[in-house]
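Generate a structure from the sequence data that follows.
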Amino acid sequence: MVAKFYGWMKTFFPGILFVLLIALLANYLGSMFPVVGGAIFSILIGFMIRQFFGVPSFLGPGVGYTLKKLLKLAIILLGFSFSFAEIASVGVDALVIVIIAVISGVFLTFFISRLAGLHGNIPLLIGLGTGICGATAIVTSSSIIKAKEEETLYAVNTIFAFNVLAVFIYPLIGNMLNMSHHEFGVWAGAAIHDTSSVVAAGYSFSNEAGDTSVVVKLMRTLLLVPAAIGLSFLISMKSAQIDGAETKWTAIKKSFPVFILFFAGAAALNSFISLPESWTDQTSSMAKFIIIMVMASVGLGTDIKKIKAAGLRPLLVGLVSSAIMGGISLALVLYASQ
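Predicted coordinates for the structure are as follows:
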């Protein structure tokens, strides 16, 4: 047990500590310049370090752990600040917006990718990544359709740059349009690809917008499960290979976002027991600081050279599909608020 813990510390602790130090600096700068906020400072610092100094390989596991694991912890901690009444207050309109945005985003992005001359599994992967939940949807779908590694990497790189840009651009547009906290939260949750960027953009706008964006994004993430099942069914029908069925169902089970159940459990606890405000304030503050750490890991993981190496075409596809997803979601949100 001790040896296992030592091994974990040796592998992950240096990178987590590095991310923590960036987050502390970013949080301080965010308190000095609240218009910008800690999350944006964090991603900028991480990005600058990656481009000008590089990230030593021994820090990589901890940086990745922060992005993949600690983000889920942050969302679970945020759950203690919610109640079922607050989640329900997001409304049926938000669910309808999410469903329309996801379906239109997947199919339009697939069509645009085909028009741009992208072939193989890449159009489908980019469509699912844009429409549902970014890299998670791409990796899950890749394992089901047995996409090549380079196809997966190509699709992830196509949408990754616009996740980062969304953290900066969405709050600016929201302020320009004088959107309410609720409107912006629904828009961010329905349109931005990855959960980390949704949370950062939402809380950069306001705490209320951030809370709403988390709930809406979790609605959207859950759509990965029926999408994976449907995709698995279609692939099975097409290939008619029984020996691959177990692998596909394993991918579906792995795709289920278990952390959402813990988020719901935390919200249920606060709904039925009504946790002390001092407790919920603490868990909320911890969650928001972890989000700043996650943004540092996003910045540290942004490799301009890889994005350039993929060429101009995927960037154009990513730009157009992200703009369409944002435009459709924005139009639906503004229409619903009339």
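
Quick one: residues contacting Ala200.
39-40, 43, 167, 291, 294-295 (Cβ atoms under 8 Å, 6 or more residues apart in numbering). Yep, even glycine has a C-beta here, placed from its N, CA and C like the rest.

Would you mind listing the two of these that lie farthest apart?
Pairwise distances across these (Cβ to Cβ) peak at 12.7 Å, for the pair Ile40 and Val294.

For the two, indicate the residue with more neighbours.
Taking neighbours as other Cβ atoms under 10 Å, Ile40 and Val294 compare with Val294 leading, 29 against 23.

measure that one to Val167 for me?
Separation of Val294 from Val167 (Cβ to Cβ, to the nearest Å) stands at 11 Å.

again with Ile76
The value you get for Ile76 to Val167, if Cβ to Cβ is used, is 22 Å.

what's the answer for Ala137, then?
19 Å.

Next, count neighbours for Pro151.
Not Pro; residue 151 is Glu. Counted with other Cβ under 10 Å, residues neighbouring Glu151 total 22.

hang on, it packs against Gly120?
Yes - Glu151 is within contact range of Gly120, at 5.8 Å (criterion: Cβ atoms under 8 Å).

Could you identify the helix or strand that succeeds the helix or strand encompassing Pro171?
Here Pro171 sits within helix 149-176, counting by DSSP states H and E. Using DSSP H and E, the helix or strand that follows helix 149-176 in sequence is helix 181-191.

by contact count, what packs against the one helix or strand Phe5 maps to?
According to DSSP H and E, Phe5 maps onto helix 2-32. If you count contacts as 3 or more Cβ pairs under 8 Å, 6 or more residues apart in numbering; DSSP states H and E, helix 2-32 packs onto helix 38-52, helix 60-65, helix 277-300.

show me the contacts for Val186.
Contacts for Val186 were tallied using Cβ under 8 Å, 6+ apart; they are 90, 93-94, 97, 212-213, 216, 333.

That one and Asn163, how far apart?
18 Å.

ok so, going back, closest to Ile324 out of the helices and strands packed on helix 2-32?
helix 277-300 (23.0 Å).

Tell me the first helix or strand C-terminal of the helix or strand of the chain with the lowest mean pLDDT.
Least confident element among the helices and strands of the chain, by mean pLDDT, DSSP states H and E: helix 245-255 (a mean of 56). Using DSSP H and E, the helix or strand that follows helix 245-255 in sequence is helix 259-273.

what angle do that next one and helix 277-300 make?
160 degrees (axes from the mean of the first three to the mean of the last three Cα atoms, to 10 degrees).

Average the pLDDT values over helix 259-273 and round to the nearest integer.
Mean per-residue pLDDT for helix 259-273: 81.

can you check stretch 276-291 too?
86.

Centre of the chain to it, how far?
20 Å (Cα atoms, centre = their mean, to the nearest Å).

picking up where we left off before, now tabulate the contacts of Ala200 in TSV and tack on distance to Pro56.
Compiled in TSV, those are given as follows (distance: Cβ to Cβ, whole Å):
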residue	distance to Pro56
Ala39	24
Ile40	25
Ile43	20
Val167	25
Ile291	24
Val294	20
Met295	20
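
Which one of the residues you listed sits in the busiest neighbourhood?
Met295 (35 neighbours).

so that residue makes contact with Ser196?
Yes - using Cβ under 8 Å, Met295 makes contact with Ser196 at a distance of 6.9 Å.

Nearest to Lys72, out of the helices and strands packed on helix 2-32?
Lys72 lies closest to helix 277-300 among those, at 9.8 Å (Cβ to Cβ).

Run through the neighbouring helices and strands of whichever helix or strand comes after the closest one.
The helix or strand immediately downstream of helix 277-300 is helix 304-309, counting by DSSP H and E. Helix 304-309 is packed against helix 149-176, with contacts defined by 3+ Cβ pairs under 8 Å, 6+ apart.

quick one, what contacts Phe33?
Taking Cβ under 8 Å, 6+ apart as the test, what Phe33 contacts is Phe41.

Give me the distance between it and Phe259.
From Phe33 to Phe259 the distance is 32 Å (Cβ to Cβ).

Identify the residue spatially nearest to Val215, adjacent ones excluded.
Leaving aside its sequence neighbours, Val215 sits nearest to Val90 (Cβ to Cβ, 6 or more residues apart in numbering; 5.0 Å).

from memory that neighbour sits against Val214, does it?
No - counting by Cβ under 8 Å, Val90 does not reach Val214; the two are 9.8 Å apart.

Counting neighbours, go ahead and name the busier of these two.
A count of neighbours by other Cβ under 10 Å puts Val214 above the other of Val90 and Val214, at 29 against 21.

Quick check: nearest residue in space to the more buried one, chain neighbours excluded?
For Val214, the closest residue by Cβ to Cβ, 6+ apart turns out to be Leu78, at 5.8 Å.

got the CA coordinates for the helix or strand Ala201 falls within in CSV?
Counting by DSSP H and E, the element that carries Ala201 is helix 195-205. C-alpha atoms of helix 195-205 as CSV (Å, rounded to 0.1, in the frame of the first residue of the first chain):
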residue,chain,number,x,y,z
THR,A,195,-16.4,20.7,-19.9
SER,A,196,-13.2,22.5,-18.7
SER,A,197,-13.8,25.4,-21.1
VAL,A,198,-17.5,25.5,-20.3
VAL,A,199,-16.9,25.9,-16.6
ALA,A,200,-14.1,28.5,-17.1
ALA,A,201,-16.2,30.6,-19.5
GLY,A,202,-19.3,30.3,-17.3
TYR,A,203,-17.6,31.4,-14.1
SER,A,204,-15.6,34.1,-15.9
PHE,A,205,-19.0,35.7,-16.7
